[in-house]
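Chemist: Need a 3D model of the sequence below.
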Amino acid sequence: RRASDLVIVVDAGDRFSGNPYVDHALERGEPMIRLMNKVGYDVVTMGNHDFDYGQKILKKRLHEANFPVVCANMLSEKSELGQLPAYQMIERGGLKFCFFSLIQTGANHLPATNPANLEDISFRYFKDVVPEYKRVAEECDVMIGLTHLGFANDSLLALVMPELEVIVGGHSHTVIREPKKVNGVLIGQAGSNLEYAGVTTLRFKGKKLVDKSYQLVSLKDIGTPDQEIALLVEEISNRPEFKKIMGQAAEDLTRKEDVASLMTDAMRDAVGGDFAFYNKGGVRLNELRKGEITMEKIYKMEPFSNYIVVHEWNLNKMEDFILKDYNRGKDPGKRYINYYISGGKYEIIRNLQGEGIEVKFYDARGKRLKDKQKKYKIAFSNYVASSNELVKGGEVTDIFITDAIAVYLQKQGTVKYTEQRAFVK
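Modeler: Have a look, this model is predicted:
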């Protein structure tokens with residue numbers, strides 16, 4: 001902005017989930033909207049985690065935003081949110097820029113959030129939507145994709161929609177350091193957690209675009225912070241209760257599985273269960289350093305405010321649960337263990353084609369469990385209970401997983417995790 005008045009600031013989605021001071025504010029998510037309003041964003045798209053607080057809260061945040069939120073493949077007219085526009089026209093310097101937006105969908109045709117948050121909202125596959133908006137390029141000087149699809153799908157979008165000059169992307173957290181062009185479309189993405197800003201520069205002769213370039217800027221190198229913004233961040237972060245020490249890590253927990261072991265142990269302990277399972281994508285802190293574990297770190301582990309749901313299953317049901325999830329990918333090379341466990345271990349046995357065909361479960365002492373009739377009390381998160389058909393139903397508790405972790409750490413005092421609990425053979 002110091003260099004030029006002709007600056008457009010955009011966001012490619014996922015404003016919420018991951019920062020305790022935003023997720024656990026008195027008004028969830030409000031600090032982020034306040035900061036973005038202050039910075040002066042011009043247009044943003046929806047990300048999958050923007051739904052994490054539920055529609056009632058999201059609606060309030062959308063109304064507070066001083067910027068439009070757009071998404072072309074989201075059908076929400078009958079929902080609490082109402083229908084969002086597919087694109088936004090912005091005029092600067094006598095030029096008309098169109099920002100066209102799309103969000104990712106998974107195998108269930110939904111973005112990666114708790115399906116319970118998407119009542120009365122449906123989503124179309126992004127490639128099916130593209131033909132309906134190609135004509136919009138004729139109504140503007142430049143058409144730009146503002147997407148939350150991930151880099152691979154942005155590359156596909158560039159192939160099917162060459163009407164776009166630029167794609168500003170999100171979702172895959174890809175750090176694009178050098179300019180990437182696919183089918184003539186310039187693609188940029190700036191990682192995650194505000195480590196970088198992506199700066200795309202468009203140069204014109206009259207109304208004709210003659211050059212486009214991209215660079216990645218480290219936000220660590222911007223020099224003195226804006227004083228007003230710094231004071232606002234300080235005000236938002238003034239939460240002494242987040243600094244409360246709940247326990248200690250005896251050594252570095254360097255694997256995501258180690259952090260998940262702490263989380264699942266806490267879940268199992270909270271309900272007096274035999275086992276607990278938690279999905280890999282829900283563990284948002286990849287490591288814990290030796291020393292103090294504060295409430296702030298606990299909220300970073302599990303920013304979704306999930307609670308515990310309990311089932312009683314036998315070994316056959318547990319095996320079905322693990323195998324169906326493991327085998328859901330058609331490509332054997334991309335199959336992975338998605339569920340971490342507490343209360344024992346499990347081993348997935350594969351055939352020569354890489355397909356899981358059997359699961360061996362072991363108790364905490366390493367003894368294999370063989371009684372197929374015995375029922376075990378198992379703790380899950382409500383996210384898994386909502387998104388996995390086998391886990392629907394169950395006994396809903398009022399125990400938040402973050403609370404369970406805090407209580408467990410207070411009981412244990414110090415924790416240490418070194419052993420692998422889930423593996424394939």
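Chemist: Read off the pLDDT value for Lys205.
Modeler: Looking at Lys205, its pLDDT stands at 96.
Chemist: and what of Asp331?
Modeler: pLDDT, Asp331: 87.
Chemist: For His311, see how far away it is.
Modeler: 30 Å (Cβ to Cβ, to the nearest Å). For the C-beta atoms, the positions are set from N, CA and C on the backbone; glycine is no exception.
Chemist: Then Ser305?
Modeler: From Ser305 to His311 the distance is 21 Å (Cβ to Cβ).
Chemist: Between Asp331 and His311, point out the one with more neighbours.
Modeler: His311 (23 against 7; other Cβ atoms under 10 Å).
Chemist: Could you list which residues are in contact with the more buried one?
Modeler: Lys377, Ile378, Phe380, Val391, Gly393, Gly394, Glu395 (Cβ atoms under 8 Å, 6 or more residues apart in numbering).
Chemist: Let me know the secondary structure of it.
Modeler: strand (DSSP: H, G, I helix; E, B strand; the rest coil).
Chemist: For the stretch 1-150 of the chain, which segments count as helices?
Modeler: Secondary structure of the stretch 1-150 of the chain, counting by DSSP state H, counting those that start in this stretch: helices at 20-23, 30-39, 55-64, 126-129.
Chemist: which of those is buried the deepest?
Modeler: Comparing these by mean neighbour count (mean count of other Cβ atoms under 10 Å), helix 20-23 ranks first with a mean of 20.
Chemist: got the contact list for it?
Modeler: 16-17, 28-29, 31-32, 236-237, 239, 242, 295-296, 299-300, 303, 305.
Chemist: Thr174 is in contact with Ser192, correct?
Modeler: No - using Cβ atoms under 8 Å, Ser192 is not in contact with Thr174, being 9.2 Å away.
Chemist: between these two, who's got more neighbours?
Modeler: Neighbour totals were compared for Ser192 and Thr174, and Thr174 leads with 19 against 15 (other Cβ under 10 Å).
Chemist: need the contact list for the more buried one.
Modeler: Per Cβ under 8 Å, 6+ apart, neighbours of Thr174: Gly150, Phe151, Gln189, Gly191.
Chemist: Where does the prediction get shaky in the stretch 251-400 of the chain?
Modeler: Counting by pLDDT under 70, the stretch 251-400 of the chain contains no low-confidence residues.
Chemist: any chance you could map the helices in it?
Modeler: 256-271, 295-301, 315-326, 382-387.
Chemist: any chance of these in TSV, with distance to Glu347 and mean neighbour count too?
Modeler: Formatted as TSV, the helices of the stretch 251-400 of the chain follow (distance: least, Cβ to Cβ, whole Å; neighbours: other Cβ atoms under 10 Å):
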stretch	distance to Glu347	mean neighbour count
helix 256-271	14	24
helix 295-301	26	21
helix 315-326	10	18
helix 382-387	21	21
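Chemist: Relative to Gly93, which of these is closest?
Modeler: Nearest of the helices of the stretch 251-400 of the chain to Gly93, taken as Cβ to Cβ: helix 295-301 at 41.6 Å.
Chemist: Can you name the residues in contact with the closest one?
Modeler: Residues contacting helix 295-301 (Cβ under 8 Å, 6+ apart): 18-20, 23-24, 241-244, 246, 259, 262-263, 283-285, 288, 402, 405-406, 409.
Chemist: what about burial for those, which qualify?
Modeler: Among the contacts of helix 295-301, the ones that count as buried by 16 or more other Cβ atoms under 10 Å are 18-20, 23-24, 242, 246, 259, 262-263, 283-285, 288, 402, 405-406, 409.
Chemist: In strands, which of the residues you listed appear?
Modeler: Met246 (DSSP state E).
Chemist: Secondary structure element holding Glu163?
Modeler: Under the criterion DSSP states H and E, no helix or strand holds Glu163.
Chemist: ok, it to Gly206 distance?
Modeler: 20 Å.
Chemist: And these two? Which one has more around it.
Modeler: Neighbour count, other Cβ under 10 Å: between Glu163 and Gly206, Glu163 has more, with 18 against 8.
Chemist: The residue nearest to that one when sequence neighbours are not counted - how many residues pack around it?
Modeler: Counting by Cβ to Cβ, 6 or more residues apart in numbering, the nearest residue to Glu163 once its immediate chain neighbours are dropped is Ala137, at 3.9 Å. As a burial measure, Ala137 scores 17 neighbours (other Cβ under 10 Å).
Chemist: from memory Ala137 sits against Met143, does it?
Modeler: Yes - at 4.4 Å, Ala137 counts as touching Met143 under the criterion of Cβ under 8 Å.
Chemist: just to revisit the earlier point, please identify which of the helices of the stretch 251-400 of the chain is closest to Pro225.
Modeler: helix 295-301 (20.8 Å).
Chemist: centroid residue for this protein?
Modeler: His49 (5.0 Å; Cα atoms, centre = their mean).
Chemist: How far away from the center of its chain is stretch 61-76?
Modeler: 18 Å (Cα atoms, centre = their mean, to the nearest Å).
Chemist: residue contacts, the closest residue to Val70 other than its chain neighbours?
Modeler: Leaving out its chain neighbours, the residue that sits closest to Val70 by Cβ to Cβ, 6+ apart is Ser101, at 4.1 Å. Shown in contact with Ser101 (Cβ under 8 Å, 6+ apart): Thr45, Met46, Val70, Cys71, Ala72, Ala86, Tyr87, Gln88, Gly145, Leu146, Thr147, His148.
Chemist: what about the third one, distance to Ile144?
Modeler: Note on Val70: its distance to Ile144, by Cβ to Cβ, is 11 Å.
Chemist: who touches both of those two?
Modeler: Counting by Cβ under 8 Å, 6+ apart, the common neighbours of Val70 and Ile144 are Phe99, Phe100.
Chemist: Quickly note the distance from Ala266 to Phe400.
Modeler: 11 Å.
Chemist: Kindly apply the preceding question to Val217 instead.
Modeler: 38 Å.
Chemist: Same check on Asn238?
Modeler: To Phe400, Asn238 is 23 Å away according to Cβ to Cβ.
Chemist: quick one: which of these two has more around it?
Modeler: Each of Asn238 and Phe400 has its neighbours counted (other Cβ under 10 Å); Phe400 has more, 17 against 9.
Chemist: beta partners for that one?
Modeler: Assessed by DSSP bridges, Phe400 has beta-bridge partners Tyr307.
Chemist: Spit out the contact partners of it.
Modeler: Taking Cβ under 8 Å, 6+ apart, one finds Ser305, Asn306, Tyr307, Ile308 in contact with Phe400.
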